[in-house]
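A.B. asks: need coordinates for the below:
(2 chains)
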2 protein chains.
Amino acid sequence: MTSTPAEICLHVCITCREAGGPDDKALRPGAILHRTLTEALAQPGAPAVRVEAVECLSVCKRPCTIAVSGPGRWTYIYGDLNAETSVETILDGLRRYAATSDGLVPWRERPEAFRKGVVARIPPFKTSSAA
Amino acid sequence: MTSTPAEICLHVCITCREAGGPDDKALRPGAILHRTLTEALAQPGAPAVRVEAVECLSVCKRPCTIAVSGPGRWTYIYGDLNAETSVETILDGLRRYAATSDGLVPWRERPEAFRKGVVARIPPFKTSSAA
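C.D. replies: Sure thing, here's the model as predicted:
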């Protein structure tokens, strides 16, 4: 089972606050990361990924957090990302993910922040009819 | 978007070892949990859930770990479960999950082990055509 890159989805949690950080929702790290990634992924040459803000990925102790998923692909959740310094890393990771048919990027080829920041992964969902 | 309970999938990580635990794969906690849940979910009256073993959910520091998913539903990943004492809790949580159309069980109605053990959650995947 394969999917086109256009079906890949990047969820970005926009809710988590940093300790001592601003309460203003628009200034929270995840909200900033979401805006930056949305702009970056709209540029020519960016991987074809749909970005969606999500209120909570339940990884509240490890902001910023993101999830990458696509039909027929493993879903990966990453935490401990930085709204400013992790953008290029995330774009690199998305490019590698998009280049696979199943979402499995070999360990050595993953950006270091993705190796250290992985929170969980889930196999592609098989429907009963496809099982 | 709704789905039938029969489409709900429970992934159980069978790989993690306990510190000092047996190396034999069949005796690892997740493998035991997988067998127990497979038997329990085959009983009359059990929630209609497909059980699948998975080699690694990348939550290696919090065994046993499981993931619950279904089309149109939020996916939840739980850790810190016990192969012997968590079975009833998991069955209870699955029943509540199956009773929703979107996978969102109100916080107060979740088993305590699911509240404390939540590792992450991911929104239902929307395909481009449905977005």
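
A.B. asks: from now on I want contacts and neighbour counts done on CA atoms only, so please keep to that.
C.D. replies: OK.

A.B. asks: helix or strand right after the lowest-mean-pLDDT helix or strand in chain A?
C.D. replies: Within chain A, no helix or strand scores below helix A:112-117, which has a mean of 92 by mean pLDDT, DSSP states H and E. Sequence order places strand A:118-122 as the next helix or strand after helix A:112-117, per DSSP states H and E.

A.B. asks: angle of that following strand against strand B:118-122?
C.D. replies: 60 degrees (axes from the mean of the first three to the mean of the last three C-alpha atoms, to 10 degrees).

A.B. asks: tell me which strands and helices strand A:118-122 is in contact with?
C.D. replies: Using 3 or more C-alpha pairs under 8 Å, 6 or more residues apart in numbering or on different chains; DSSP states H and E, the elements in contact with strand A:118-122 are strand A:75-78, strand B:118-122.

A.B. asks: in chain A, where is pLDDT below threshold?
C.D. replies: Residues of chain A meeting the criterion pLDDT under 70: A:1-6, A:127-131.

A.B. asks: so who does residue A:44 touch?
C.D. replies: By C-alpha atoms under 8 Å, 6 or more residues apart in numbering or on different chains, the contact list for residue A:44 is empty.

A.B. asks: Three-state assignment for it, please.
C.D. replies: Three-state call for residue A:44 (DSSP: H, G, I helix; E, B strand; the rest coil): coil.

A.B. asks: quick one: it and chain B, what's the gap?
C.D. replies: Relative to chain B, residue A:44 is positioned 20 Å away (C-alpha to the nearest C-alpha, to the nearest Å).

A.B. asks: what does chain A put close to chain B?
C.D. replies: Counting by C-alpha under 8 Å from any C-alpha of the partner chain, chain A comes close to chain B at A:6-7, A:9, A:54, A:56-59, A:67, A:69-70, A:77, A:118-123, A:125, A:127-128.

A.B. asks: repeat that with 6 Å
C.D. replies: Within reach of chain B by C-alpha under 6 Å from any C-alpha of the partner chain, chain A has these residues: A:57, A:58, A:59, A:120, A:121, A:122.

A.B. asks: in TSV, list those residues along with neighbour count.
C.D. replies: Below are the residues of chain A next to chain B laid out as TSV (neighbours: other C-alpha atoms under 10 Å in any protein chain shown):
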residue	neighbour count
A:57	25
A:58	17
A:59	21
A:120	23
A:121	21
A:122	24
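
A.B. asks: and the helices in chain A?
C.D. replies: Under the criterion DSSP state H, helices of chain A are mapped to A:29-41, A:87-98, A:112-117.

A.B. asks: format those as TSV; extra columns: mean neighbour count.
C.D. replies: Conversion of those to TSV gives the following (neighbours: other C-alpha under 10 Å):
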stretch	mean neighbour count
helix A:29-41	20
helix A:87-98	19
helix A:112-117	15
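
A.B. asks: give me the number of residues near residue A:118?
C.D. replies: Neighbour count of residue A:118, defined by other C-alpha atoms under 10 Å in any protein chain shown: 18.

A.B. asks: and what of residue A:80?
C.D. replies: Counted with other C-alpha under 10 Å, residues neighbouring residue A:80 total 19.

A.B. asks: what sits against it?
C.D. replies: Residue A:80 sits next to A:62, A:63, A:64, A:117 when contact means C-alpha atoms under 6 Å, 6 or more residues apart in numbering or on different chains.

A.B. asks: where's it relative to chain B, distance?
C.D. replies: Counting by C-alpha to the nearest C-alpha, the gap from residue A:80 to chain B is 13 Å.

A.B. asks: with residue A:62 instead?
C.D. replies: Relative to chain B, residue A:62 is positioned 11 Å away (C-alpha to the nearest C-alpha).
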